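Provided below are the primary sequence and the corresponding predicted coordinates.
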Amino acid sequence: MPAISASAPGKIILFGEHAVVYGQPAIAIPVTQVAARAVVMARPTATSGEVLIDAPDIQTISLLQDLPAEHPLARILRILQAHLGLPAYPAFHLRVTSTIPIAGGMGSGAAVAVAILRAVSAFLNCPLDDATVNKLAFESEKSFHGTPSGVDNTVITYAQPIYFRRGQPFEKLATAAPHTFVIADSGQPGSTAEMVGAVRQRWKTDPRQMETCFEHIGEIVQQARSALESSQTRGLGSLMNKNHSFLQQIGVSTPFLDALVKAALQAGALGAKLSGAGGGGNIIALVETSNAEQVAARLSIAGAVRTIVTTLKPHSL
Ligand code: PMV
């Protein structure tokens with residue numbers, strides 16, 4: 001068996017996070033820079049019958065059999081093993097690396113899952129198609145935070161801009177013009193499970209108010225889709241600002257994320273919002289390409305621990 005490697009991109013949610021869990025649409029795009037990628041290599045090893053996992057970014061070097069069942073890498077490998085109907089894995093060495101910040105709202109868990117599923121299935125000579133990779137990565141997401149919408153695993157599996165509605169086939173999104181975004185990592189981890197749980201608690205307490213916010217967010221997503229398809233960059237910026245204010249209302253922003261959004265706007269961004277589950281993680285700002293470095297620098301001064309400039313290229317279907 002030859003060594004096999006596979007990789008998967010990070011992602012950002014442009015519009016619709018949280019509301020997407022309640023049936024509203026969302027728009028997400030892959031982040032294809034090397035600065036945000038999970039890379040996995042599976043290769044044969046001389047040791048018989050043992051799977052050695054080496055994941056330096058999460059300080060894990062262990063035999064699979066010694067990892068606790070709830071360890072994220074063990075869970076993904078068990079999901080794949082069950083899918084393939086394998087009584088046991090043959091011996092191999094699995095190296096997992098990722099430059100996607102963990103708990104940063106950029107889909108690090110889903111990207112690692114997708115890259116592992118692809119590398120290990122190909123290594124075992126049973127390569128999976130995209131639909132199966134997506135389904136198994138969704139199972140992995142569910143094992144971490146009960147009620148994921150599925151947007152993360154879908155955008156990462158297919159590595160293209162998507163318009164997504166929970167439980168429905170996703171739509172590839174055509175984009176008419178290039179759009180440049182600055183992603184700024186707050187350096188504060190945000191737990192998707194906790195944030196989704198907190199929103200559910202608020203929804204139980206005040207369903208009317210929360211549903212109203214979700215519906216407004218859904219309308220913003222529809223308008224954003226039209227803006228993306230027709231290259232109305234400025235319209236898109238103000239839709240991001242509006243989406244952020246609804247995310248504040250549902251309680252998932254933080255003073256620091258708000259400060260980063262403000263800093264981006266003061267530096268001339270066309271719009272900005274938190275992206276992902278919130279409570280930490282990152283914000284994204286839509287910028288003129290010529291202003292990207294200036295906005296990134298301003299975000300660093302405001303306390304962002306890392307910035308990435310990414311361009312969404314025009315995409316036809
Ligand atoms: O994993 P994150 O932080 O990108 O958040 C996922 C987006 C949510 O809408 C908050 C949850 C979901 O499952 O869609």
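Arrived safely, thanks for sending. Numbers count the residues shown, from 1 in each chain.

From the rest of the structure, what touches the lowest-mean-pLDDT helix or strand in the chain?
Lowest by mean pLDDT, DSSP states H and E among the helices and strands of the chain is strand 60-63, with a mean of 90. Under the criterion Cβ atoms under 8 Å, 6 or more residues apart in numbering, residues 50-55, 67, 71, 73 lie in contact with strand 60-63. Backbone N, C-alpha and C define where each C-beta goes, glycine included.

how does it look with 7 Å?
50-54, 73 (Cβ atoms under 7 Å, 6 or more residues apart in numbering).

Which parts of the protein belong to which domain?
According to automatic domain parsing, the chain comprises the domains 4-164, 174-312.

now stretch 146-155: how far from the chain's centre is it?
9 Å (Cα atoms, centre = their mean, to the nearest Å).

Return the mean pLDDT over it, rounded to an integer.
Stretch 146-155 carries an average pLDDT of 92.

Can I get that stretch in PDB? Just the C-alpha atoms.
Only the C-alpha atoms of stretch 146-155 are listed here, as PDB (Å, rounded to 0.1, in the frame of the first residue of the first chain):
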ATOM      1  CA  GLY A 146     -25.500  17.400  18.800                       C
ATOM      2  CA  THR A 147     -27.400  19.600  16.300                       C
ATOM      3  CA  PRO A 148     -25.100  20.900  13.600                       C
ATOM      4  CA  SER A 149     -26.700  22.200  10.500                       C
ATOM      5  CA  GLY A 150     -24.200  20.500   8.200                       C
ATOM      6  CA  VAL A 151     -23.000  23.700   6.600                       C
ATOM      7  CA  ASP A 152     -19.300  23.200   7.700                       C
ATOM      8  CA  ASN A 153     -18.800  19.700   6.400                       C
ATOM      9  CA  THR A 154     -20.600  20.500   3.200                       C
ATOM     10  CA  VAL A 155     -18.600  23.600   2.200                       C
END
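
Longest helix in this protein, by number of residues?
Longest helix of the chain, by residue count under DSSP state H: helix 207-230.

how about the helix or strand just after that one: buried residues?
Downstream of helix 207-230, the next assigned helix or strand under DSSP states H and E is helix 233-249. Applying a neighbour-count criterion of 16 or more other Cβ atoms under 10 Å, the buried positions in helix 233-249 are 233, 235-244, 246-249.

In a markdown table, list the domains of the chain along with distance to the ligand.
Shown next, in a markdown table, are the domains of the chain (distance: least, Cβ to the nearest ligand atom, whole Å):
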| stretch | distance to the ligand |
| --- | --- |
| domain 4-164 | 3 |
| domain 174-312 | 3 |
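
Would you map the strands across this protein?
Using DSSP state E, the strands of the chain run over residues 4-15, 26-31, 37-43, 51-55, 60-63, 92-98, 162-164, 171-172, 179-185, 271-275, 282-287, 306-312.

Looks like S316 contacts A176 (just checking).
No. Applying Cβ atoms under 7 Å, one finds S316 not in contact with A176, separated by 8.9 Å.

And stretch 210-222, what's buried?
By 16+ other Cβ under 10 Å, the buried positions in stretch 210-222 come out as 210, 213-214, 216-218, 220-222.

my guess is A8 contacts L117, does it?
No. Using Cβ under 7 Å, A8 makes no contact with L117, being 9.1 Å away.

Show the contacting residues for P169.
Per Cβ under 7 Å, 6+ apart, neighbours of P169: none.

Can you show me the CA trace of stretch 182-201 as CSV?
This file holds the C-alpha atoms of stretch 182-201, laid out as CSV (Å, rounded to 0.1, in the frame of the first residue of the first chain):
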residue,chain,number,x,y,z
VAL,A,182,-9.9,39.9,5.8
ILE,A,183,-10.4,37.2,8.4
ALA,A,184,-9.3,38.2,11.9
ASP,A,185,-8.8,35.6,14.7
SER,A,186,-9.7,37.0,18.1
GLY,A,187,-7.5,34.3,19.7
GLN,A,188,-10.3,33.5,22.1
PRO,A,189,-11.7,30.0,21.5
GLY,A,190,-15.4,29.8,21.0
SER,A,191,-17.1,26.5,21.6
THR,A,192,-19.6,25.8,18.9
ALA,A,193,-21.4,23.3,21.1
GLU,A,194,-21.7,25.9,24.0
MET,A,195,-22.8,28.7,21.7
VAL,A,196,-25.4,26.6,19.8
GLY,A,197,-26.6,25.4,23.3
ALA,A,198,-26.9,29.0,24.6
VAL,A,199,-28.9,30.1,21.6
ARG,A,200,-31.2,27.1,22.1
GLN,A,201,-31.7,28.1,25.7
